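In: Take this sequence and fold it.
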Amino acid sequence: MSAGIITIVLGAAFLHALWNAVVKGAGDKTIMLGLIALGHVVPGIVVVALVPSPGWAVWPYVLASTVIHWGYYYFLNVAYRLGDLSVIYPIARGLAPVMITLGAQVWIGETVPPLAWAGILTVSGGIMVLTRGVFSGTLPKAGLMAALAVAVMVAAYSLVDGVGVRLSNNTLAYVGWLFVFEIIVAAFIFSTRLERLRAVSPRVIALGFLGGVISGAAYGLVLYAKTLAPLGLVSALRETSVIFAAMIGVLWFHEGPRGNRLIAAGIVAVGIIVIGLGA
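Out: Reported below is the predicted structural model:
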C-alpha cells in the first residue's frame, strides 16, 4: 500500500472522528443525524449532476447500502445516548476491520498477506484497548449491544460499497448517488420530528450540515481508496479514527482516563507500520 493511499485514509479517519464528535456533543442527537444525512444529500446532487452514470450494475449495491446505513444511524443514535464517545466509538469501529477482511475473503476471494493480517489484528487490538473495563458495568448492556450492532452495520456497508464502487463506471458517480439516497433518512427524521427541528438554533443546523459535508468527504475518500487497495487493509487504516475520537473525547468532552488512549495510540501506530510493510 502506497504512502499516498495511507495518507488519504488517515485523513478520512480524522474527518470521521470529527463528525462523530459533532453528533456526541449535540443536544438532540436524532436531529443532528438528520442534518448530517442532509449534508450528504446536497453535495451528492451536485456530483450526480456533473458526472456520468455509474452504470446499472451498481444500483442493487446503492440500495442495499442505503438500507444498511439506516440501521447504522439508528444504532449509533442509541449508543451515543447511553455511553461516552471514547467508549462507544472503539467498540463500534474496532471489530470492523477483522469482519471486513474475513467478509471480503469469503465474498470476493480477496486475500491479504500474513504480515498484513498481523497489522489488521494489531490495529483492532489497539482500538479495543480503549474498551478495557467496559464489561465491568460502566456501560449499560443496551449501550454495549447498540455499539456491537453498529460494528456489524459498518462491516456490512463497507463490504457492499467496496464491491459496488469497483463495479461502478465512475467512482464519484457511485458516491454521489449513495449520498443522494440519504434524503430518505433525512426526510424520515425531519417529517416525524418537526417540532424538535424548529427548536434547533440556526447555529446547530449549520454545524450539523457541515458535519454531513465532512462525513461525506471522509467516506468518499475511503471509497476511492477501496478501488486501489484491499478492503480489509483500507478498513483497518480507516478505523484509526478511533484514536482521533479518543483524543477528542479527552480534550473536548473531558473523558478519561488518558492512559488507555496513549497505550492504544502506540499499538495502533505499530499496526499501521506493519500494514504498510505487509501490503
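
In: so how far is stretch 32-49 off the chain centroid?
Out: What separates the centre of stretch 32-49 from the centre of its chain is 16 Å, taken as CA atoms, centre = their mean, to the nearest Å.

In: send the alpha carbons of that stretch over as PDB?
Out: The C-alpha atoms that make up stretch 32-49 are tabulated as PDB, following Å, rounded to 0.1, in the frame of the first residue of the first chain:
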ATOM      1  CA  MET A  32     -28.200  16.100  14.300                       C
ATOM      2  CA  LEU A  33     -28.000  12.800  12.500                       C
ATOM      3  CA  GLY A  34     -30.800  14.000  10.200                       C
ATOM      4  CA  LEU A  35     -28.800  17.200   9.500                       C
ATOM      5  CA  ILE A  36     -25.700  15.100   8.800                       C
ATOM      6  CA  ALA A  37     -27.700  13.000   6.300                       C
ATOM      7  CA  LEU A  38     -28.900  16.200   4.600                       C
ATOM      8  CA  GLY A  39     -25.200  17.400   4.500                       C
ATOM      9  CA  HIS A  40     -24.600  14.300   2.300                       C
ATOM     10  CA  VAL A  41     -27.500  14.900   0.000                       C
ATOM     11  CA  VAL A  42     -26.600  18.400  -1.200                       C
ATOM     12  CA  PRO A  43     -23.100  17.600  -2.400                       C
ATOM     13  CA  GLY A  44     -24.400  14.300  -3.800                       C
ATOM     14  CA  ILE A  45     -26.900  16.200  -6.000                       C
ATOM     15  CA  VAL A  46     -24.100  18.400  -7.300                       C
ATOM     16  CA  VAL A  47     -21.900  15.400  -8.000                       C
ATOM     17  CA  VAL A  48     -24.500  13.300  -9.900                       C
ATOM     18  CA  ALA A  49     -25.400  16.400 -12.000                       C
END
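
In: For that stretch, which outside residues touch it?
Out: 19, 22-23, 26, 73, 76-77, 172-173, 175-180, 182-183, 185-186, 189-190, 193, 197, 204-205, 207-216 (CB atoms under 8 Å, 6 or more residues apart in numbering). Placement of C-beta: from N, CA and C, glycine included.

In: How many residues are close by the residue lying closest to A151 once chain neighbours are set aside?
Out: Leaving aside its sequence neighbours, A151 sits nearest to L95 (CB to CB, 6 or more residues apart in numbering; 4.3 Å). Number of residues near L95 (other CB atoms under 10 Å) recorded here: 22.

In: Tell me which residues touch L95, please.
Out: By CB under 8 Å, 6+ apart, the neighbours of L95 are S124, M128, L148, A151, A155.

In: Which among these count as buried?
Out: S124, M128, A151, A155 (16 or more other CB atoms under 10 Å).

In: As JSON lines, the residues you listed with pLDDT and secondary structure would be great.
Out: Formatted as JSON lines, the buried ones among the contacts of L95 follow (pLDDT from 0 to 100; DSSP: H, G, I helix; E, B strand; the rest coil):
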{"residue": "S124", "pLDDT": "79", "secondary structure": "helix"}
{"residue": "M128", "pLDDT": "73", "secondary structure": "helix"}
{"residue": "A151", "pLDDT": "88", "secondary structure": "helix"}
{"residue": "A155", "pLDDT": "90", "secondary structure": "helix"}
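
In: What does the pLDDT read for G278?
Out: For G278, the pLDDT comes out at 67.

In: tally of neighbours for the residue nearest to W177 when sequence neighbours are not counted?
Out: Nearest non-adjacent residue to W177, counting by CB to CB, 6+ apart: V62, 5.3 Å away. Around V62 there are 21 other residues, counting by other CB under 10 Å.

In: wait, isn't V62 in contact with Y174?
Out: Yes. Using CB atoms under 8 Å, V62 is in contact with Y174, at 7.1 Å.

In: Spit out the residues that contact the two alike.
Out: By CB under 8 Å, 6+ apart, the residues touching both V62 and Y174 are P54, G164.

In: L18: neighbour count?
Out: The number of residues near L18, taken as other CB under 10 Å, comes to 18.

In: For V200, which three-state class applies?
Out: Secondary structure assignment for V200 (DSSP: H, G, I helix; E, B strand; the rest coil): coil.

In: Next, the contact list for the residue lying closest to it once chain neighbours are set aside, please.
Out: What sits nearest to V200 in space, not counting adjacent residues and going by CB to CB, 6+ apart, is I31, at 5.7 Å. Contact analysis of I31 by CB under 8 Å, 6+ apart lists I189, F190, R193, R196, L197, V200, G208.

In: All set now, cheers.
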